[in-house]
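>>> coordinates for the following, if possible.
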Amino acid sequence: MDQRIASAIERIYADWRISRNISGMARAVGICPRHFRRIFRADTGLSPRDYVKRLRLSVARLLIEREDLALKEVAHAVGYADIGAFAKDFKSAYGWPPGKMRREKKPQEGAADSP
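Numbering: from 1, shown residues only. Alright, predicted model coming up:
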């Protein structure tokens, strides 16, 4: 893995709640945004945006399975201002809406757990 991308990923994990833009991430590791997107995808298989989204959704899944927070609180805790967008992204990632996953307490087999 390119060391600059590894550094960007470390920053993402260190402060995953912070909204990030491609330009800022690229600037932080000293490369242009276009090149950053290209090598990030080559190294991780995901765009930087999708990588962060997948990380946030994996944290949301843990909160849903282990904590007794309202779904709105879970959405806000992982950086979603809109519960509808959160539910749509969650269902896309795991095959179940977050409320159903909570009721069933059964993780989806083979679903994306982390980036």
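
>>> give the buried residues for the worst-scoring helix or strand of the chain on mean pLDDT.
Sorting the helices and strands of the chain by mean pLDDT, DSSP states H and E puts helix 98-104 at the bottom, at a mean of 86. Applying a neighbour-count criterion of 16 or more other CB atoms under 10 Å, one finds 98, 101, 102 buried in helix 98-104. Where you see a C-beta, it was placed from the backbone N, CA and C, and this is true even at glycine.

>>> name the nearest residue to the first one, sequence neighbours excluded.
Spatially, and ignoring its direct neighbours in sequence, residue 98 is nearest to residue 90 (4.7 Å; CB to CB, 6 or more residues apart in numbering).

>>> can I get the helix or strand the one you found falls within in PDB, CA atoms only?
Assessed by DSSP states H and E, residue 90 sits inside helix 83-94. Provided in PDB are the C-alpha atoms of helix 83-94 (Å, rounded to 0.1, in the frame of the first residue of the first chain):
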ATOM      1  CA  ILE A  83     -32.000   9.600   9.400                       C
ATOM      2  CA  GLY A  84     -33.500   8.700   6.000                       C
ATOM      3  CA  ALA A  85     -30.100   8.800   4.300                       C
ATOM      4  CA  PHE A  86     -28.700   6.800   7.200                       C
ATOM      5  CA  ALA A  87     -31.400   4.100   6.900                       C
ATOM      6  CA  LYS A  88     -31.000   3.900   3.100                       C
ATOM      7  CA  ASP A  89     -27.200   3.600   3.300                       C
ATOM      8  CA  PHE A  90     -27.400   1.100   6.100                       C
ATOM      9  CA  LYS A  91     -29.900  -1.100   4.200                       C
ATOM     10  CA  SER A  92     -27.700  -0.900   1.100                       C
ATOM     11  CA  ALA A  93     -24.600  -2.100   3.100                       C
ATOM     12  CA  TYR A  94     -26.200  -4.800   5.200                       C
END
